[in-house]
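Q: Predicted coordinates and the sequence they were generated for:
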There are 2 protein chains.
Amino acid sequence: MRKVAIGQAGGPTAVLNASLVGLVEGLYGSSEIYPVHDGYQGLVERNYGQLNHSGYEWIRQHAVVPGACLGAGRYDFSSDLMERALNQLKLDDIHTLAFIGGNGTMAALQRMGDMARQMGYELQTIGVPKTVDNDLCETDHAPGFASAAKYVMLSVRNIVKDLEAMRNFEQVRIIETMGRNAGWLALSSGFLRSSDQDGPHHIYIPEIAVSSEEFLKSVGETVKVNGTATIVVSEGFSFAGEDKIERNVVNGRQILGGISSRMEQLIRDQFGFNVRSENLGMNQRSASYAVSLQDRQEAYEVGKQAALYIKEDLSGLMVNIQRQNTKCYNYTVGQVPLEQVARSGERLLPASYLANLPEYYNWLGPILGESIAPYPAKWREIKNESTIYPEFGRSQEK
Amino acid sequence: MRKVAIGQAGGPTAVLNASLVGLVEGLYGSSEIYPVHDGYQGLVERNYGQLNHSGYEWIRQHAVVPGACLGAGRYDFSSDLMERALNQLKLDDIHTLAFIGGNGTMAALQRMGDMARQMGYELQTIGVPKTVDNDLCETDHAPGFASAAKYVMLSVRNIVKDLEAMRNFEQVRIIETMGRNAGWLALSSGFLRSSDQDGPHHIYIPEIAVSSEEFLKSVGETVKVNGTATIVVSEGFSFAGEDKIERNVVNGRQILGGISSRMEQLIRDQFGFNVRSENLGMNQRSASYAVSLQDRQEAYEVGKQAALYIKEDLSGLMVNIQRQNTKCYNYTVGQVPLEQVARSGERLLPASYLANLPEYYNWLGPILGESIAPYPAKWREIKNESTIYPEFGRSQEK
């Protein structure tokens, strides 16, 4: 029976466990499954063991649970450690390695495949995509992203409404999103915007440089015209000529965060507005109650497809989602060489979407898994149509 | 026809507009309705006008929209300004004032009633309760709280799962909640905890003083035993002997916030852990996707009941929710004098709940509007039962 080591790596998503469930359901019965704890660290430390039926059922209980039930996390996976992991796997007679992860995970899988080949050790490698940041190439999108995008757009829309209600007290809110070096998530916050006056009024993403002067000018104008301004900023954005702001550095990995606080300070200093910045935080990758069911379904399917490829003896590939060019959203689950994924590197927002936002939103809509009804128009927009509300508002004079 | 000025005041909730809809539905047709913009400020500045049918429909469109569609906000409502507002209402021949709000709103309504009486101006006053903090007395609970509590408990549970997945990288997360001087919201985060090992591991509330030394000791022990620690802290908590931490002061009102950052720093300095603090922010009072349908229903009902009391010529009262002592959750919507609400002041967690947490959670459960399925037990807890998972985990030795 084929022995398959499976693992999860990197930051979790709301649907990462669904991929794991798809993978184990596809393999159970026909393979010996060795779940690895804490990502690649578990390979190095031999923190794995054969899954029995109870363990199988335990994993299946996580289909709708966020996080990574095996443990994922971050790990500085050097070549020495990779070699150690490979020797360990070889000793245990495990010849298949399937990992669910993002760019780093795919690159590591590919390198391990290369090293195994050099060692003369036969190792089948399969990657399953996952990232809330959507910065993974060679797939239409990565499972996890749509749920995060949905959480961000719903949260931002609600916070806009909350700020409108507080307009006599607060002028500006700044909402910071995840995304690393890519603006996919931040830009999704505008998806539910119903008019130019509606928030979020400004979205700042790493792909587009803006000076702090331009930024302040825009915000000042919006508050003047609109009364309030809601700003969304990606953690990877930095003002022209400035470095990205780091929260901290762990294991050599830069953890971004803090640009919203800087913007808050700039606005307060410049205008004296009552301004509040907030970071949408870990909910972005774990909000079970705002999951896209389409996203969860696809996460499950890429996991299941990985199992199929394993049984077909395919290797050195990442499962991907391929959108079909039809009027309605339609996709197939396919494959792409890991080498190609590694070569393509980090995926930023394409110029075509930056030049044409509706095109981006047309792409984004179907993977949210449901149609989201718009909120009513703002009172201020309605009031101008004096024929509709002739008596409501300041218009009634004695 | 009776002329009724209606308004919303204070910070919004996810269901505040539902109360407004109940109120206007109860009044429309039998009264002239004058919606007031931006809370009491709109009274002073005469920012109101008669609602026509289109306006009525516009308000009704907000039944499931968070925020406060009339504008609410904060306003320093001095006696001089109250007098000005009363004179204005008198000029406009408006003799009924119904406001949806929290403690401050009820106190202002009561004072305006008193002042009107002294002026010899007949003014009917009705308050409709609203607060996410649940710090309003003389009602079993206030609409808005249950939805906020549900958002907090779901978010915290998910963030716990996310941290468990990141255990090789991060040790501690600190999650700050709203609540002002009361711990209702923060304490609700433990509702879904399934075992002692499950997070949140520590909850800090304003009602219970803890020294920073005790705090650090608890966190250190939890990380030692459990690997990670998730901490929830109410914005109104402060270490024994220290002042509450303010975000800022606006219009003389203290805006709390920042205790989680202080805790983060203390933990980093003491243990060198990778620790992250985050504030659940404005989503707590506006997360439309995690609303308690029971809460929304009750919010609507207290608004509708206020309309009924207005038509019955009752005055000087706040609508309230009265829980009946039955095995199942059962309530009636009733009334209490505004004077009594003002006298009772801020409502903190009672000693009985602090001494007996299950009693608090029994009280909390029914108003969440749905049963929430538990997440599976943690792997670590399962692993100890070696008969169940004999081969999964480190146990497999060669």
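A: Noted; the coordinates are in hand.
Q: Quick check: closest non-adjacent residue to A:Ser212.
A: For A:Ser212, ignoring the flanking residues on the chain, the nearest one in space by CB to CB, 6 or more residues apart in numbering or on different chains is A:Phe239 at 4.5 Å. Using the backbone N, CA and C atoms, a C-beta is placed for each residue, glycine as well.
Q: Against A:Phe215, how distant is that neighbour?
A: 7 Å (CB to CB, to the nearest Å).
Q: before we move on, back to that, from what I can see the residue nearest to A:Ser212 touches A:Glu213, true?
A: No. Counting by CB atoms under 8 Å, A:Phe239 does not reach A:Glu213; the two are 9.0 Å apart.
Q: would you list every one of the strands in chain A?
A: Ranges of strands within chain A are A:2-8, A:31-35, A:96-101, A:124-129, A:172-177, A:202-204, A:229-234, A:246-250, A:253-256, A:275-279, A:317-323, A:331-337, based on DSSP state E.
Q: can these go into CSV with extra columns for distance to A:Leu187 and mean pLDDT?
A: Rendered in CSV, the data for those read as follows (distance: least, CB to CB, whole Å; pLDDT from 0 to 100):
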stretch, distance to A:Leu187, mean pLDDT
strand A:2-8, 27, 98
strand A:31-35, 36, 96
strand A:96-101, 24, 98
strand A:124-129, 20, 98
strand A:172-177, 9, 98
strand A:202-204, 6, 98
strand A:229-234, 8, 98
strand A:246-250, 21, 76
strand A:253-256, 16, 78
strand A:275-279, 17, 96
strand A:317-323, 18, 98
strand A:331-337, 21, 98
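Q: Of all these, which one is nearest chain B?
A: Of all those, the one in closest proximity to chain B, counting by CB to the nearest CB, is strand A:275-279 (4.0 Å).
Q: buried set for that closest one?
A: Buried residues in strand A:275-279, defined by neighbour count with 16 or more other CB atoms under 10 Å in any protein chain shown: A:Val275, A:Arg276, A:Ser277, A:Glu278, A:Asn279.
Q: just checking: which of these also lie near chain B?
A: Residues of the buried residues of strand A:275-279 in contact with chain B (CB under 8 Å from any CB of the partner chain): A:Arg276, A:Glu278, A:Asn279.
Q: Quick check: bridge partners of the last one?
A: This points to A:Asn279. Counting by DSSP bridges, A:Asn279 is bridged to A:Glu176.
Q: who's in contact with it?
A: Under the criterion of CB atoms under 8 Å, 6 or more residues apart in numbering or on different chains, the contact list for A:Asn279 reads A:Ile175, A:Glu176, A:Gly257, A:Ser260, B:Glu278, B:Asn279, B:Gly281.
Q: Let's have the residues you listed in TSV, adding distance to A:Asp313.
A: Shown next, in TSV, are the contacts of A:Asn279 (distance: CB to CB, whole Å):
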residue	distance to A:Asp313
A:Ile175	47
A:Glu176	45
A:Gly257	43
A:Ser260	49
B:Glu278	45
B:Asn279	50
B:Gly281	50
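Q: Please pick the buried ones from those residues.
A: Neighbour-count burial (16+ other CB under 10 Å) is assigned, among the contacts of A:Asn279, to A:Ile175, A:Glu176, A:Gly257, A:Ser260, B:Glu278, B:Asn279, B:Gly281.
Q: Tell me which two in those are the farthest apart.
A: Using CB to CB, the pair of the buried ones among the contacts of A:Asn279 lying farthest apart is A:Gly257 and B:Gly281, separated by 14.4 Å.
Q: pLDDT below threshold where in chain A?
A: Residue ranges of chain A with pLDDT under 70: A:250-252, A:380-398.
Q: Can you show me the helices along the stretch 151-300 of chain A?
A: Secondary structure of the stretch 151-300 of chain A, counting by DSSP state H, counting those that start in this stretch: helices at A:184-188, A:212-226, A:259-271, A:293-311.
Q: The closest residue to A:Asp93 other than its chain neighbours: what's it in contact with?
A: Using CB to CB, 6+ apart and skipping the chain neighbours, the partner closest in space to A:Asp93 is A:Lys3 (6.1 Å). A:Lys3 makes contact with A:Ser31, A:Glu32, A:Tyr34, A:Asp92, A:Asp93, A:Ile94, A:His95, A:Thr96, according to CB under 8 Å, 6+ apart.
Q: could I get those residues as CSV with neighbour count?
A: Formatted as CSV, the contacts of A:Lys3 follow (neighbours: other CB atoms under 10 Å in any protein chain shown):
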residue, neighbour count
A:Ser31, 19
A:Glu32, 17
A:Tyr34, 24
A:Asp92, 17
A:Asp93, 8
A:Ile94, 21
A:His95, 17
A:Thr96, 24
